[in-house]
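In: Need a 3D model of the sequence below.
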Amino acid sequence: MIKKFIRRILGAKDKSNGRVEPKIYGLKEHGIDPRLLSSNAVRVTDTLQQEGFKAFIVGGAVRDLLLGHKPKDFDIATNATPDQIKRLFRRAFIIGRRFQIVHVMMGQEQIEVTTFRGSSADSAQKDEHGRVLRDNIFGEQHEDAARRDFTVNAMYYDPASQTVLDYHNGIADIRKKTLRMIGIPEARYREDPIRMLRVVRFAAKLNFEIDPATREPIRVMAPLINNVPAARVFDEMLKLLTSGRALACLQQLRKQGLHHGLLPLLDVVLEQPLGERFVTLALENTDQRILQGKPVSAGFLFASLLWHQVLEKWNAYQAAGEYPIPALHLAADDVLDAQLDKLALQRKIASDMRDIWAMQPRFERRTGKSPYKLLEHLRWRAGYDFLLLRCASGEVDAEVGEWWTEFAAADGPGREALLARKPAGETGGPAKKRRRRSGRGKKKTDGAPASDNSSNTEPE
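Out: Residues are numbered from 1 along each chain as shown. Down below sits the predicted model:
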């Protein structure tokens, strides 16, 4: 340090030129199980290396391998440029504006390949808050490592030599279960405020502690997230909610002061007994499906998170004299409009949410042709699973869910018998006024698929 200081004062050049040499760990030291690797990711690194380029599995995949988990995705870093990468693979596509990357398709698997990023230049295009907008600057591997967010995500694994290159003591932090930002946290958050959400996601997902220097600026700098495009915020929120530790992530959001503005009124909802129970059950169900390798529906997930806001407004509109069904649609409009400014909900997701909410009063109608019509609804499974969550949380009498479970599984005569059974009671929100709709019902169907009791199934 003294020598470097003297060189700086005298104007002498540092012979190391800022280069940081990595710690290199062999198989016996890092213990990565090669069976956890993607054969397609290994093929990509082999192809690049055979052409004379450096190529490593990098980032979260290395972190997961070191923890003994099979990574969900594999990213590769190389000194080849995007054009050079593209020429080596038949199905490769250059994407990205802020920084170009290449998606290499190997069968059904997508491997993301990036060129080593250079040191962030002052000339990089930024907004008035310091957020980097465009930065296609290529560099060397040690510069690429310095550009990554956390120490545990800045390691490189070479499948050919089975070695790990660690530039920022990532392995030591993994062993200490510590999440630490590379560089000055305030500057890194200003470059990309989404990193504050990533801190929360990784801390909850890995069950790591956030390093104090990394944690302290978050509460003050949280408003910078408002400057990030809504689509990026939504993508990160979706990753957070489908991390397999969704409830822990939301708890971390509140703990770090990041919940305000992302899901308006979420804090209030989670403090209401019924609301907290409902959201907790929905997120626990989602986590279970993720851990079992099952798909989840973003529409169902966000419909669950925002349901009690819809319910509150639905009750208010009815108390003001509005009919139940129009009141529900007005409530849905209000809640979704409040979200659109913060989360770029895709049209299909918003449509799914509306369908799920709109089906709930229809579960009250257990006479005539109404139940048969409901079974034919495209989103029947999601609506039914949503009803079961409402029953489990105590919002709706459990008898209602049991009746619909029996009705969906029954044959023709069995359904007729259920329809003849007198309902135990009314459910749902206040129903002071109801509109009667005339019309001929569709032909009843037998053997409609019963739900698997999962919280967020897609239509089959």
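In: can I get the CA coordinates of stretch 201-217 in PDB?
Out: Presented in PDB, the C-alpha positions along stretch 201-217 are these (Å, rounded to 0.1, in the frame of the first residue of the first chain):
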ATOM      1  CA  ARG A 201     -33.400 -11.800  -3.100                       C
ATOM      2  CA  PHE A 202     -30.000 -13.400  -2.600                       C
ATOM      3  CA  ALA A 203     -30.000 -12.900   1.200                       C
ATOM      4  CA  ALA A 204     -33.400 -14.600   1.500                       C
ATOM      5  CA  LYS A 205     -32.700 -17.300  -1.100                       C
ATOM      6  CA  LEU A 206     -29.300 -18.300   0.300                       C
ATOM      7  CA  ASN A 207     -30.100 -17.500   4.000                       C
ATOM      8  CA  PHE A 208     -27.100 -15.300   4.100                       C
ATOM      9  CA  GLU A 209     -26.500 -12.200   6.200                       C
ATOM     10  CA  ILE A 210     -26.000  -8.900   4.400                       C
ATOM     11  CA  ASP A 211     -22.700  -7.300   5.200                       C
ATOM     12  CA  PRO A 212     -23.300  -4.000   7.200                       C
ATOM     13  CA  ALA A 213     -21.500  -1.800   4.700                       C
ATOM     14  CA  THR A 214     -23.700  -3.300   1.900                       C
ATOM     15  CA  ARG A 215     -26.900  -3.000   3.900                       C
ATOM     16  CA  GLU A 216     -26.700   0.500   5.400                       C
ATOM     17  CA  PRO A 217     -27.200   2.600   2.300                       C
END
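In: Buried residues in it, which are they?
Out: Arg201, Phe202, Ala203, Ala204, Lys205, Leu206, Phe208, Ile210, Asp211, Thr214, Arg215, Pro217 (16 or more other C-beta atoms under 10 Å). The C-beta positions use only the backbone N, C-alpha and C, and glycine is treated the same way.
In: Filter the residues you listed down to the ones in helices?
Out: Arg201, Phe202, Ala203, Ala204, Lys205, Leu206, Thr214, Arg215 (DSSP state H).
In: how deep is Gly293 tucked in, by neighbour count?
Out: Around Gly293 there are 7 other residues, counting by other C-beta atoms under 10 Å.
In: How about the contacts made by it?
Out: By C-beta atoms under 8 Å, 6 or more residues apart in numbering, no residues touch Gly293.
In: name the element it belongs to?
Out: Secondary structure assignment for Gly293, by DSSP states H and E: no helix or strand.
In: export the buried residues of stretch 201-217 to CSV and tack on distance to Val164 and pLDDT?
Out: Converted to CSV, the buried residues of stretch 201-217 look like this (distance: C-beta to C-beta, whole Å; pLDDT from 0 to 100):
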residue, distance to Val164, pLDDT
Arg201, 23, 91
Phe202, 19, 93
Ala203, 23, 93
Ala204, 25, 91
Lys205, 21, 90
Leu206, 18, 93
Phe208, 19, 95
Ile210, 24, 96
Asp211, 21, 97
Thr214, 22, 97
Arg215, 27, 95
Pro217, 30, 95
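In: from these, which single one is nearest Val335?
Out: Lowest distance from Val335 to the buried residues of stretch 201-217 (C-beta to C-beta) belongs to Arg201, with 24.3 Å.
In: Distance of that closest one relative to Val42?
Out: According to C-beta to C-beta, to the nearest Å, Arg201 and Val42 sit 27 Å apart.
In: give me phi/psi at Phe116?
Out: phi -50, psi 130 (degrees, to the nearest 10).
In: neighbours around the closest residue to it other than its chain neighbours, how many?
Out: Closest residue to Phe116 in three dimensions, ignoring its sequence neighbours and counting by C-beta to C-beta, 6 or more residues apart in numbering: Asp144, at 3.9 Å. Close neighbours of Asp144, defined as other C-beta under 10 Å, add up to 24.
In: which SS state does Asp144 fall under?
Out: helix (DSSP: H, G, I helix; E, B strand; the rest coil).
In: which residues touch it?
Out: Taking C-beta under 8 Å, 6+ apart, one finds Ala77, Phe116, Arg117, Gly118 in contact with Asp144.
In: and the residues you listed, which of them are in strands?
Out: Ala77 (DSSP state E).
In: Could you look up the SS state of the spatially most central residue of the chain?
Out: In the chain, the C-alpha nearest the mean C-alpha coordinate belongs to Lys239, at 1.5 Å (C-alpha atoms, centre = their mean). Three-state call for Lys239 (three-state DSSP): helix.
In: repeat for the one 4 residues further on
Out: Here Ser243 is recorded as coil under three-state DSSP.
In: Can you list the residue ranges for helices in the stretch 51-200 of the chain?
Out: Using DSSP state H, counting those that start in this stretch, the helices of the stretch 51-200 of the chain run over residues 60-66, 82-88, 141-147, 170-176, 185-191, 195-206.
In: Dump these to CSV, plus distance to Asn226.
Out: CSV is the format used below for the helices of the stretch 51-200 of the chain (distance: least, C-beta to C-beta, whole Å):
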stretch, distance to Asn226
helix 60-66, 27
helix 82-88, 32
helix 141-147, 24
helix 170-176, 30
helix 185-191, 13
helix 195-206, 12
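In: how deep is Asn315 tucked in, by neighbour count?
Out: 14.
In: That should have said Ala61, apologies.
Out: Counted with other C-beta under 10 Å, the neighbours of Ala61 add up to 25.
In: Nearest residue to it in space, please, no chain neighbours.
Out: Using C-beta to C-beta, 6+ apart, the nearest residue to Ala61 is Pro71, at 4.0 Å.
In: shaky segments in this protein?
Out: Counting by pLDDT under 70, the chain has low-confidence residues at 1-19, 98, 120-136, 260-272, 341-342, 422-460.
In: Now do the domain split for it, please.
Out: Domain ranges of the chain: 22-176, 178-262, 286-420, per automatic domain parsing.
In: is it possible to export the ones you listed to JSON lines including distance to Pro273?
Out: Converted to JSON lines, those look like this (distance: least, C-beta to C-beta, whole Å):
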{"stretch": "domain 22-176", "distance to Pro273": "35"}
{"stretch": "domain 178-262", "distance to Pro273": "16"}
{"stretch": "domain 286-420", "distance to Pro273": "8"}
